Every structure is written in C-alpha cells, then in structure tokens.
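In: dropping the sequence and predicted coords here.
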Amino acid sequence: MIYKEIKYDKLNSFSKLLTDYSLNKSHFSDLITNYPSIGNFKNQISLKSKNYNNRFRKVLVNEIKSQYLGIELNPKQNLNIDKILDTNTFTVTTGHQLNLLTGPLYFIYKIISVINLTEVLEKNYSNNSFVPLYWMASEDHDFEEINNFYFEGKKFIWNSNQSGAVGNFKLNSTEKFFKEFEEYITKSKHGLEIYSIFKNCFLKSDNLSQATRRFVNKIFSSFGLIIIDANNKNFKSLFSKFLKKELSDKLIYKHSVESLDKLEKLNYRIQASPRKINLFYMKDELRERIYSKDGDFYVKNSSIKWNLSEIKNEIDKFPERFSPNVLFRPLFQEYILPNICYVGGPAELAYWLELKSVFEYEKLTFPVILNRNSAMLIDKKTLKKLKKLDISLEELFLSEELLEGLIVRRYSKLKLDFNKLKLKLKEQFSELKSIAKNTDKSFIGALNAQQKKQINGLKMLEKRLNKAEKKIHRDKINKALEIKKSLFPNGNLQERIINFSQFYKAEGSELIEKIKNNLDPLNQKFTIIEI
C-alpha cells in the first residue's frame, strides 16, 4: 500500500530540471510538444496518427515475432503484437541498458510505469489501443556500467574480457557469478525461485540480449509487455536515410542548437553534448565511434576509412553495422515506432529535451516525455521504528549531519539554538557603534573586534553543548542513522542501488503486483510503498 507521496521539490535528491518539470513550469513549452497529462494525449495521438508511416507496422510485427521465436508468449502479448498492425494502435516505450539481472530497482519501475500508462490510456481513449514496449539497449558497449548489481549490501560482478555491443556477449563466463550469488539468495523459498528463473534464462540463451529478453518476459509477460531489439538490419534499413544525413549534414549537431540554447538560458545542466557525428560502427566485437576528418570518415581505434560515397554504400549494404548514440537513438525509435510517449528517468528526460528542435527540423512528431515513477520500498518493522523515534520519512532525506542535529534539538531539554542570543548581541553592538560614531570613531575597530570575539564565543559554547547532547542522545541518533543507511545504501536512493531480488526473496511474485498497484504513472511525486 502507498504509505506516503512526496513532491520531488520537497526532497534534496533530484535535479532542478526534474523538479521543475514535475511542476509543469511554463518555460518547458518550447522544449516539448505535450506535457504528460491524460488530456494532452488526445493531441499527441492526433499528431502521431497524421505523421507516421503505417507501412512500418508490418515490418515491426514480422521482426518482433521473429525475435520471440522459441519463447512462450502470453495470449495478451500475442494480441498486442497483432494490434500493432492496426492504425489506431500506438506504443508507449521505455528503453534501458541490459543490466545484469536487471540491475537497480528503477529498471522495474520504468517498465511498470509503461504498463500502467497503457492501461490508463486504454480506459480514457477507448477508440485506440496502446501497447507497452521495452526497447533493449543491446548495442551499448559500456560493459562496466551494466555488469553488476547490489544485493543485501554486496556487489555482485560478472567479469568478462569480451568487447563490442553488450547484447552480443556470450554467457559462458557467468558460471562463477551465479555460483557466488547462489550462496546468498537461495536460503529462502522465493530467493530460490527468482534465482532459478535468472539461471534458466541465462542457460537457455546464447547471449545477453536473449537472456534479458527471456527474463523480462518471464516477469512481465502477463501484462502484455512487448520487448524489441533494434539491433536489426530491417529496422535500420527503414532509418537509413537518417543515418546518411547524420554523416553528410551533421543532423544532431547542427539542429539541436536551438533546444540546447534554451536549456542553457534556463540554467539547466546539459546531459549529453552532441558530437559532430553521433554514430558508432559495429562489426564482430567492435563498436567504436565514427568521426570525420578532411572529408573522409574513420572508425576510432581501427584502420577503417571511407569517403562519403563509400560510407553511404556501406549503409545501403549493411545498415545493421551503424549504431546511433544516446542522442541519435530517440530519432530512430520515434521514426520506426507508432509511439506517443517515452518513459525515462531524470537523465533521459534531460537529453530528450535537447532534441525538440531536431525533431521539428525533420518534421517528426516529438513524443510526450514522462518521468518514470520513482519509489522507495519500506517494511512495517522499519516504519514502526521511525514512528518510535518520531522521525518522518521526509527527514530521512536530510544529510547525516542535519539529521543528527534535528534529533538532538527534538529530544534535548536545553535551548541549543543560540541564534536569538547572537542577534541580540549584534543589536547591542550596533547601538554601541552608533554612540561611537558621535564620540570617538577610532573606537569602532575595537567594538568590531569585541563583537567578533563574543560571537565566536557563543558559537563555541553552542558547539560544545550540541556535542554533549549528541552523547546523551547517541542511541537514538545511531538507530536513526542505521535506518537511513538501510534505505539509502551508499548514500543513494534505494532505487538506484538495490536489485529487486532483495525484496523478491521475501515477497515472491506478489512484489511486482504490489509495486504496480501502488504506482500512478501520471502522478509526478516520489512514492513510498509499504511492503
């Protein structure tokens, strides 16, 4: 059940851009098409229906079916795949890296946000159908970002010497990792259950893309989620004209300027600065950046070289070898999909807002950008401890130092805040200075020195009293800090560190239902869920 919802701007854990976006500040109007509210989807559906090549639908369905060969589908998934052929069907999409065993909790929240939004849209726009879609970032090559996760304070790592797109990584080097993880998770009934699912998905797969597909499908198939791997020749063939434009015209670099200027004027940090060419080249175990020099094109850390005519010919023959980077992928996605909304995290929100001017230049429909649900899972035992300590959940978001000070002030019988005394002292010295101005101005320096000395004395006394009171209330402070550390592992939000299996081992498959039933995709607040 929902224990509490807190506005993002009340917590010191989120970027200024996200907190402002969650409040729907008017200055975003030039950077988006429609803000994520249920009423605004009417216009978004209309825009996309008029500006999408419906011939792509057959390609999508054929490739999706091909990618699911050998995997058992839920009837709802089969229905959703077939629905994509209908011109009144639209997708809601999230994308994510192929994190080891899903990585941090927010992976789960992203997919649930997509599923829940499609259900909300189905209820409100009954003339249309909506399909939840997970776009696998199988082409990513930053293995160190995705090869680990945390479970009960321990970091589990999959070590491998492979290189290139991580989706193609073979799984024969995962045996050591699974053996180590088995000792930690299989001590409980549901722990053994989720471990078995993990391991079976990996054992039955040739590479990380297949293993991720199998696992995510196992968890979310009943909700009709469709998984798509865009590392595909036919998909990239549809997009080939844009691949060529990026090389010849510097599409992203030139036309993101307008959006970037607006973000900078609003004092938001630029999440990802566009390169002159925002493409990688992939072949075998290679995925390296393409760059241009003196009219020719090169692949970093290789001897590959083309002129413009040659590289365009390479695209025609092997479009699957060209991989969009983080700023180019949104155009790829929105061009080939009948998509009306992208659900992402705070960092994704930031880089999508850099691209509105590019979409406008290419006359593509910019999707609704929705920040995924953000949440914290907390058990009854911890809530009871907090209540006993008289500490609110909002107060746990304070730094350790501020939290200690708050507890001391709350429980101390002494007046530990000397601010009023300091103010009175300043007023008294101000009066003395007024007298000195009319008698002996040279006395002013002595008064300033004496004021500083006495203020410092009060600060020292205040510090000593606080230190003494901290000792008296150390037990309460330690209990509060222990709770904070359990809910904010490594000083971060729970969702950014802990793997969902840590909670699954106690809750079983009901965990997904509990999370899903307590998250509202359009409610832009931080949600605390009691489990």
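Out: Arrived safely, thanks for sending. Every value quoted in this text rests on a predicted model; they were computed, and no experiment measured them.
In: how close does Ser357 sit to Phe178?
Out: Going from Ser357 to Phe178 by C-beta to C-beta, to the nearest Å gives 47 Å. Yep, even glycine has a C-beta here, placed from its N, CA and C like the rest.
In: any idea how far Tyr281 is from His27?
Out: From Tyr281 to His27 the distance is 38 Å (C-beta to C-beta).
In: contact partners for Asn99?
Out: Listed by C-beta atoms under 8 Å, 6 or more residues apart in numbering, the contact partners of Asn99 are Phe107, Ile146, Phe149.
In: buried residues of the host helix or strand of Ala350, list them for me.
Out: Element membership for Ala350, per DSSP states H and E: helix 346-352. The neighbour-count check on helix 346-352 (16 or more other C-beta atoms under 10 Å) flags Pro346, Glu348, Leu349, Ala350, Tyr351, Trp352 as buried.
In: kindly report the same for stretch 393-405.
Out: When neighbours are counted by 16+ other C-beta under 10 Å, the buried residues of stretch 393-405 are found to be Leu393, Glu395, Leu396, Phe397, Leu398, Leu403, Glu404, Gly405.
In: returning to what we had before: and Ser357 and Phe178? Which one has more around it.
Out: Remark: of Ser357 and Phe178, Ser357 carries more neighbours, 20 against 17, as counted by other C-beta atoms under 10 Å.
In: right, and the more buried one touches Lys254 too?
Out: No - assessed by C-beta atoms under 8 Å, Ser357 is found out of contact with Lys254, at 9.7 Å.
In: after the helix or strand hosting Asn217 comes which helix or strand?
Out: Using DSSP H and E, Asn217 falls within helix 208-220. Next helix or strand after helix 208-220 toward the C-terminus (DSSP H and E): strand 226-229.
In: show me what that following strand is packed up against.
Out: Under the contact definition 3 or more C-beta pairs under 8 Å, 6 or more residues apart in numbering; DSSP states H and E, strand 226-229 sits against helix 56-67, helix 75-83, strand 129-137, helix 208-220.
In: mean pLDDT and distance to Asn159 added to these, as a markdown table?
Out: Formatted as a markdown table, the helices and strands packed on strand 226-229 follow (pLDDT from 0 to 100; distance: least, C-beta to C-beta, whole Å):
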| stretch | mean pLDDT | distance to Asn159 |
| --- | --- | --- |
| helix 56-67 | 98 | 28 |
| helix 75-83 | 98 | 34 |
| strand 129-137 | 98 | 21 |
| helix 208-220 | 98 | 14 |
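In: any chance of the ones you listed in TSV, plus distance to Asn232?
Out: TSV is the format used below for the helices and strands packed on strand 226-229 (distance: least, C-beta to C-beta, whole Å):
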stretch	distance to Asn232
helix 56-67	6
helix 75-83	16
strand 129-137	11
helix 208-220	11
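In: Met136 against Thr94, yeah?
Out: No - between Met136 and Thr94 there is no contact under C-beta under 8 Å: 10.4 Å.
In: more neighbours: which of the two?
Out: Using other C-beta under 10 Å as the criterion, Met136 and Thr94 rank with Thr94 on top: 26 against 22.
In: and that one, what element?
Out: Secondary structure (DSSP H and E) places Thr94 in strand 89-97.
In: in the helix or strand following that strand, what counts as buried?
Out: Sequence order places helix 106-124 as the next helix or strand after strand 89-97, per DSSP H and E. Neighbour counts over helix 106-124 (16+ other C-beta under 10 Å) mark 106-121 as buried.
In: by how many degrees do helix 106-124 and strand 89-97 diverge?
Out: 170 degrees (axes from the mean of the first three to the mean of the last three C-alpha atoms, to 10 degrees).
In: from the chain's centre, how far out does helix 106-124 sit?
Out: Mean-position distance between helix 106-124 and its chain equals 15 Å (C-alpha atoms, centre = their mean, to the nearest Å).
In: can you report phi and psi for Gly344?
Out: Dihedral pair for Gly344: phi -140, psi 170, per degrees, to the nearest 10.
In: got it, and Lys154?
Out: Lys154 adopts backbone torsions of phi -100, psi 140, taken as degrees, to the nearest 10.
In: which ones are touching the nearest residue to it once chain neighbours are set aside?
Out: Among residues not flanking Lys154 along the chain, Tyr184 sits closest, at 6.7 Å (C-beta to C-beta, 6 or more residues apart in numbering). Shown in contact with Tyr184 (C-beta under 8 Å, 6+ apart): Phe151, Glu152, Lys154.
In: now those residues as a markdown table including pLDDT, neighbour count and distance to Pro489?
Out: Output for the contacts of Tyr184, formatted as a markdown table (pLDDT from 0 to 100; neighbours: other C-beta atoms under 10 Å; distance: C-beta to C-beta, whole Å):
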| residue | pLDDT | neighbour count | distance to Pro489 |
| --- | --- | --- | --- |
| Phe151 | 96 | 18 | 11 |
| Glu152 | 94 | 12 | 10 |
| Lys154 | 95 | 10 | 11 |
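In: that older thread, and the helix or strand containing the residue nearest to Lys154, how far out from the chain middle?
Out: Here Tyr184, judged by DSSP H and E, is contained in helix 175-185. Relative to the chain's own centre, helix 175-185 is displaced by 27 Å; criterion: C-alpha atoms, centre = their mean.
In: next SSE after it?
Out: Downstream of helix 175-185, the next assigned helix or strand under DSSP H and E is helix 189-203.
In: show me which residues of that following helix are buried.
Out: By neighbour count on 16+ other C-beta under 10 Å, the buried set for helix 189-203 is His190, Gly191, Glu193, Ile194, Tyr195, Ile197, Phe198, Lys199, Cys201, Phe202.
In: can you redo those as TSV, where the extra columns are distance to Leu383 and pLDDT?
Out: Putting the buried residues of helix 189-203 into TSV (distance: C-beta to C-beta, whole Å; pLDDT from 0 to 100) gives the following:
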residue	distance to Leu383	pLDDT
His190	22	94
Gly191	23	95
Glu193	26	95
Ile194	25	96
Tyr195	28	95
Ile197	30	95
Phe198	30	95
Lys199	34	94
Cys201	34	96
Phe202	36	92
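In: am I right that Phe297 is in a strand?
Out: Yes - judged by DSSP: H, G, I helix; E, B strand; the rest coil, Phe297 forms part of a strand.
In: gap between Lys380 and Leu386?
Out: According to C-beta to C-beta, Lys380 stands 11 Å off from Leu386.
In: could you check which of those two has the larger neighbour count?
Out: Using other C-beta under 10 Å as the criterion, Lys380 and Leu386 rank with Leu386 on top: 18 against 10.
In: just the pLDDT for the more buried one.
Out: Leu386 carries a pLDDT value of 94.
In: that one reaches Ile483, doesn't it?
Out: Yes - with contacts counted by C-beta under 8 Å, Leu386 reaches Ile483, the gap being 6.4 Å.
In: what do the two both touch?
Out: Jointly contacting Leu386 and Ile483 under the rule C-beta under 8 Å, 6+ apart are Leu396.
In: helices of the stretch 351-500 of the chain, residue ranges please.
Out: Per DSSP state H, counting those that start in this stretch, the stretch 351-500 of the chain has helices spanning 356-361, 380-389, 400-411, 419-439, 443-472, 474-487. These are given in chain order.
In: moving C-terminal of the last one, what's the next helix or strand?
Out: Reading on from helix 474-487 to the C-terminus, the next helix or strand found by DSSP H and E is helix 501-507.
In: which other helices and strands contact that next one?
Out: Helix 501-507 is packed against helix 189-203, helix 510-517, with contacts defined by 3+ C-beta pairs under 8 Å, 6+ apart.
In: spell out the secondary structure type for Thr527.
Out: strand.
In: I'd say it and Asn518 touch.
Out: Yes - between Thr527 and Asn518 there is a contact under C-beta under 8 Å: 6.6 Å.
In: so what sits against both of these two?
Out: Common contacts of Thr527 and Asn518 (C-beta under 8 Å, 6+ apart): Ile2, Ala375.
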